[in-house]
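# Turn this into a model:
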Amino acid sequence: RHISPLAVPWSAWARTLGFWVPLLLTATVALLALATVFHTQWARHEQLPYPITTFTASLLPDESGRPAFLGNRLFWIGFLFVFGIELNNYLVKWLPELLIPIRTSFDCSALSPLAPVLTQGAGNGLFYLNIWWPVLGLAYFLRTDMTFTLTVTPFIYCTIFGAFAIYGVPFRCGRMLGPSLEQSIYAGGYFAILLMLLYTGRHYYRNVLRNSLGLRPREPVEAHAVWGMRVFLVCTGLFIVQLVWVGLDWQLAVIYTALAYMVHIVISRMIAETGGFIIGTYVYPCVMIWAFCGTAALGPRTLLTMFLVSTVLVSGPGWAPMPFFVQALKLGDALRLDLGRLARWGVAIIAIAMLVAIPCNIYWQYDRGAPTAGWPRATAWYSFENMVEVKQRLRAHNLLETADAVRGFERCAYLAPDQRQVTAFLIALGIALALAFARLRFTWWPLHPMAFVFLGGFPSYYNWFTFLLAWLTKVLVTKYGGARLYERLKPLMIGIIAGSV
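Below you'll find the model as predicted:
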C-alpha cells in the first residue's frame with residue numbers, strides 16, 4: 001500500500017533517524033579509524049598483496065603523466081582477448097543467428113552421481129565450472145598457497161559436510177539468523193583468524209595503543225595510527241553506550257561490539273589478502289551469543305535488539321566501508337600521499353554520505369515501496385521469525401516472563417549453551433589456529449587459514465575452478481620461467497582484468 005512520506009509523523013522520523021544514524025555512524029567511524037591502525041602492519045610489515053589495489057594503481061598515471069600500461073603489448077593482448085570474448089557473448093543475445101557464444105562456464109553435473117558424498121554435502125555447485133576473468137587476473141598476484149587453498153577448500157568442506165549428513169548430522173539447517181553447525185564453524189574460523197592477525201602484529205599494535213593513551217612507546221609509530229586508535233576507542237565507547245541505551249546490558253553490549261567488529265576486520269583482511277570482491281558472511285554476533293548463552297538467559301527483547309542491529313550492521317560486510325577504506329589507504333601509500341590527511345577526508349566524506357543516504361533511503365522506501373523479494377527482504381524478516389520461535393519455546397517451558405525480567409549478571413544462572421554449536425565452534429577454532437601456526441612454522445605448508453572465510457559458501461562454488469587455473473598458471477610460470485617471467489606477465493593479467501571490467 002502506498003504511504004506518503006509526508007504522512008508519517010515527525011516523531012516516527014525522529015525515532016528512526018535518531019537511532020540508526022548515530023548507531024551506524026559511530027560504528028562506521030570506529031572501523032574506519034581501526035583501518036588506519038591496521039594499515040602499516042598489513043601493508044608494510046606483513047606485505048599483503050592487495051591485488052585489487054595493485055590493479056587500480058597500474059591504471060593510474062606514472063611520473064610521465066600517462067599510464068604505463070598503454071605502451072605494453074602484453075596488456076593489450078590480455079585486454080583484447082577478454083574484451084573480445086565478453087563483447088561477443090553480449091552481442092549473441094542480440095544477434096543469435098549470426099554469432100556463436102564462447103563458453104566460459106561448463107555443466108559437469110552429469111558426474112555428480114560419482115561423488116555422492118559431495119552432493120550430500122551441498123556440493124552440487126562444484127560440478128559447474130566457471131572461468132571468471134577478474135578472479136583469474138587478481139589471483140595471479142596471490143601466493144600459491146592461497147590459490148591452492150581456495151581451490152581445494154570447498155571440496156574438503158563439502159566432503160566433511162556430506163559425511164556428517166549421511167549419519168544424520170546436518171551442518172546447514174534453519175534460518176540465516178538462527179543457530180546451526182555451519183554458522184558455528186564459520187564463527188570459530190573467523191575468531192581464529194582475528195587472534196592470529198592480532199598475534200602477528202602484537203608488538204606494533206601495543207606500541208600504537210601505548211602512544212594513543214599518552215604512555216611512552218617502545219618504538220615510534222605513525223601519527224595517523226595513533227589518532228586512529230584514539231578515534232576508535234572513543235567511537236567504540238559511544239557505540240556501546242548506544243547499545244545499552246536501546247536495552248542491552250553493558251556486558252552483552254561489549255561482547256556484541258567485539259564480535260561485530262571481528263566480522264568486519266576479518267572480511268577486510270580477506271579482501272586485502274585474496275582480492276575476493278564477492279563475499280558475504282555466515283557469522284552473526286547475535287547468533288554466536290545465542291548459541292553460547294541459550295534462550296532463557298537472553299530473553300526475546302534482548303535477542304530481537306541484537307537481531308535487528310546485526311541485520312543492518314553485518315549482513316553485507318564485504319560491501320561495508322572498512323574494506324574499501326583499507327584499499328584506499330594502500331593506494332594512497334603506493335602514491336606517497338599523506339595518509340593522515342587521506343584518512344581525515346575519507347572519514348568526513350563517508351560520514352556526509354551516510355547522513356545523506358540514510359534519510360533518503362528511508363524516504364524513498366516510504367514513497368516508492370521497499371523491496372518485496374530477494375536476499376535483503378528475506379534478511380529483514382528473519383529477526384521476527386526468530387522471535388516467534390523463541391517466544392513459543394520459552395512459553396512452552398514457562399520461562400517467558402523470567403527471561404524478559406532477567407538482567408546483568410543474573411543471566412549467568414540461566415546459561416544453557418548449545419553443546420553442539422559450542423563444540424563445532426571450538427573444533428573450527430582449533431583447526432584454523434593449527435593451520436595458521438603451521439603456515440608460520442613451515443614454508444612448505446600448503447593450506448591457509450583464510451579458507452574458513454569461504455568454506456562452502458557461494459563464492460567458493462563459483463570461483464574454485466578459476467582459482468585452480470590461476471594456481472596452475474603461477475606454478476608453471478615460476479617453475480619454467482622464474483621470477484623474471486612472472487614479473488613480465490603481470491601486464492597480461494592486468495589486461496585480463498581490465499578487459500572484463
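# give me the low-pLDDT residue ranges for the stretch 301-450 of the chain?
Applying pLDDT under 70 to the stretch 301-450 of the chain picks out no residues at all.
# got the contact list for the helix or strand containing N386?
Secondary structure assigned from DSSP states H and E places N386 in helix 375-396. Contacts with helix 375-396, where a contact means CB atoms under 8 Å, 6 or more residues apart in numbering, come from 175-178, 295-296, 299-300, 303-304, 307-308, 311, 315, 370-371, 400, 403. To be clear about C-beta, it is placed using only N, CA and C from the backbone, and glycine gets the same treatment.
# from the middle of its chain, how far away would it be?
In terms of CA atoms, centre = their mean, to the nearest Å, the centre of helix 375-396 is set 24 Å apart from its chain centre.
# Counting neighbours, which bits of it end up buried?
Neighbour counts over helix 375-396 (16 or more other CB atoms under 10 Å) mark T379, Y382, S383, N386, V390, K391, L394 as buried.
# sorry, back to before: okay, and which of the contacts of helix 375-396 map to helices?
Residues of the contacts of helix 375-396 located in helices (DSSP state H): T295, A296, P300, L303, L304, F307, L308, T311, L400, A403.
# Export these as a markdown table, with columns for distance to S64 and neighbour count.
Listed next are the ones in helices among the contacts of helix 375-396 as a markdown table, based on distance: CB to CB, whole Å; neighbours: other CB atoms under 10 Å:
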| residue | distance to S64 | neighbour count |
| --- | --- | --- |
| T295 | 65 | 21 |
| A296 | 69 | 20 |
| P300 | 64 | 21 |
| L303 | 60 | 23 |
| L304 | 59 | 19 |
| F307 | 55 | 24 |
| L308 | 53 | 18 |
| T311 | 49 | 19 |
| L400 | 72 | 18 |
| A403 | 68 | 25 |
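# ok, A165 - contacts?
Shown in contact with A165 (CB under 8 Å, 6+ apart): Q120, G121, F171.
# Now render the residues you listed as CSV, adding secondary structure, pLDDT and distance to V287.
Formatted as CSV, the contacts of A165 follow (DSSP: H, G, I helix; E, B strand; the rest coil; pLDDT from 0 to 100; distance: CB to CB, whole Å):
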residue, secondary structure, pLDDT, distance to V287
Q120, helix, 87, 24
G121, coil, 84, 21
F171, coil, 80, 14
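# need those residues in TSV with neighbour count, can you?
Shown next, in TSV, are these (neighbours: other CB atoms under 10 Å):
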residue	neighbour count
Q120	18
G121	26
F171	22
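# before we move on, back to that, from the buried residues of helix 375-396, which is closest to I496?
Checking these against I496 with CB to CB, the nearest one is T379 at 34.1 Å.
# mind checking how far that closest one is from F277?
Computed as CB to CB, to the nearest Å, the T379 to F277 distance reads 20 Å.
# Okay, now the unreliable bits of the stretch 151-300 of the chain?
By pLDDT under 70, the weakly predicted segments of the stretch 151-300 of the chain are 173-175.
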